[in-house]
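Peer 1: Any chance you can model this:
(2 chains)
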Number of protein chains: 2
Amino acid sequence: MKKPEPINPTDDEARALAKNIMDVARHGALAVTRKDGVPYVARVAVLADQGNLLTLISTLSAHTTALRSTPSCAILIGEPGPKGDPLTHPRMTLTCTAEVVEKAHYKSRWLASIPKAQLYYDFTDFLMFRLVPSEIRLNGGFGKAFQLAPSDLT
Amino acid sequence: MKKPEPINPTDDEARALAKNIMDVARHGALAVTRKDGVPYVARVAVLADQGNLLTLISTLSAHTTALRSTPSCAILIGEPGPKGDPLTHPRMTLTCTAEVVEKAHYKSRWLASIPKAQLYYDFTDFLMFRLVPSEIRLNGGFGKAFQLAPSDLT
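Peer 2: Numbers count the residues shown, from 1 in each chain, chains lettered A, B, ... in the order given. I've put the predicted structure just below:
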């Protein structure tokens, strides 16, 4: 029996869906590799920035420690709403490289989108990382899988 | 400056919260390591089973391929509701080892909790994995981090 081809050709509808998931995402599940090689995953706050994702995370957390030693990571965004089947809700996984950026530069944008962060934004143990995607897997629901390029997000 | 100790001693309240997150979880973010060593994360359906998590996933997916070659994984459960701050919503990360189990054995329980799965439960490309936790990090909100043992979940 022939396996179905699970990846559809990328079209404008897929690009628009992916961009929308990026734009509305305020948190995601960040997967990292710990120093001992074991995977770890944590919820993090995110904000889209020109085809990348920004995330503000504490150096006290296990995922930040992992990211500083291994910048290769992946993030799942596209949160299901309160109704409907969470497994058919559109989401995407971005395989990324993380790099520390200048936190002060993003302060006004970040606080405009995530106002509660003003309580801890300036804490010295919080770092801002930019997650730069290399591979993007979009799952728009059953039979709607796409493999996008970073240029599809800008 | 002394860093704050981010882990609280485990108490009955923490155990009850962790068990509740397990019991109500119907999906989570599964982090795996691909053959090329790169992390990957995907949304999967889950169901608690005696301190472990069951997940039904397709062999056509990137995460199943990864899991079959590297059974070490991590899963984030505890989905934020439609209101409130998603970053203060209780969630936990379980570092696990995945093992394939007999799918037929769990069919009635799985379909009772996730009825829509009857559309694909018996597809031969769907496998049931048991995720057996070794480390459990519970984040019950700001300042409420706990490190639980597998025995705290049963």
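
Peer 1: okay, A:Asp11: pLDDT?
Peer 2: In the prediction, the pLDDT value recorded for A:Asp11 is 94.

Peer 1: Now do the contacts for it.
Peer 2: Taking CB atoms under 8 Å, 6 or more residues apart in numbering or on different chains, we find A:Asp11 in contact with no residue. Glycine gets a C-beta too; all of them are placed from N, C-alpha and C.

Peer 1: go again using 10 Å as the cut-off
Peer 2: Residues counted as contacts of A:Asp11 (CB atoms under 10 Å, 6 or more residues apart in numbering or on different chains) are A:Leu17, A:Phe146.

Peer 1: What of A:Arg137?
Peer 2: Under the criterion of CB under 10 Å, 6+ apart, the contact list for A:Arg137 reads A:7, A:18, A:74, A:76, A:91-95, A:145-148, B:40, B:42, B:61-62.

Peer 1: Just the buried ones from these?
Peer 2: The neighbour-count test (16 or more other CB atoms under 10 Å in any protein chain shown) applied to the contacts of A:Arg137 identifies A:18, A:74, A:76, A:91-95, A:145-146, A:148, B:40, B:42, B:61-62 as buried.

Peer 1: biggest separation within these, which pair?
Peer 2: Based on CB to CB, the longest span within the buried ones among the contacts of A:Arg137 runs between A:Ala18 and B:Ser61 and measures 18.4 Å.

Peer 1: Show me what counts as buried in the helix or strand encompassing A:Arg68.
Peer 2: Secondary-structure element containing A:Arg68, defined by DSSP states H and E: helix A:62-69. Applying a neighbour-count criterion of 16+ other CB under 10 Å, one finds A:Ala62, A:His63, A:Thr64, A:Ala66, A:Leu67 buried in helix A:62-69.

Peer 1: Same list (these) but as a markdown table, adding distance to B:Ile57 and pLDDT.
Peer 2: Formatted as a markdown table, the buried residues of helix A:62-69 follow (distance: CB to CB, whole Å; pLDDT from 0 to 100):
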| residue | distance to B:Ile57 | pLDDT |
| --- | --- | --- |
| A:Ala62 | 25 | 90 |
| A:His63 | 23 | 93 |
| A:Thr64 | 29 | 93 |
| A:Ala66 | 24 | 95 |
| A:Leu67 | 26 | 96 |
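
Peer 1: what subset of those is also close to chain B?
Peer 2: The subset of these lying close to chain B, counting by CB under 10 Å from any CB of the partner chain, consists of A:Ala62, A:His63, A:Ala66.

Peer 1: my guess is A:Trp110 contacts A:Tyr121, does it?
Peer 2: Yes: judged on CB atoms under 10 Å, A:Trp110 makes contact with A:Tyr121 at a distance of 6.7 Å.

Peer 1: Need the residues touching each of the two.
Peer 2: With contacts taken as CB under 10 Å, 6+ apart, the residues that reach both A:Trp110 and A:Tyr121 are A:Leu56, A:Lys103, A:Met128.

Peer 1: In strands only, show me the residues you listed.
Peer 2: A:Leu56, A:Met128 (DSSP state E).

Peer 1: Could you check how far the nearest residue to A:Asp49 once chain neighbours are set aside is from A:Pro90?
Peer 2: Distances taken as CB to CB, 6 or more residues apart in numbering or on different chains put A:Arg130 closest to A:Asp49, at 7.0 Å, once the chain neighbours are dropped. Distance, A:Arg130 to A:Pro90, using CB to CB, to the nearest Å: 24 Å.

Peer 1: Appreciated, that's everything.
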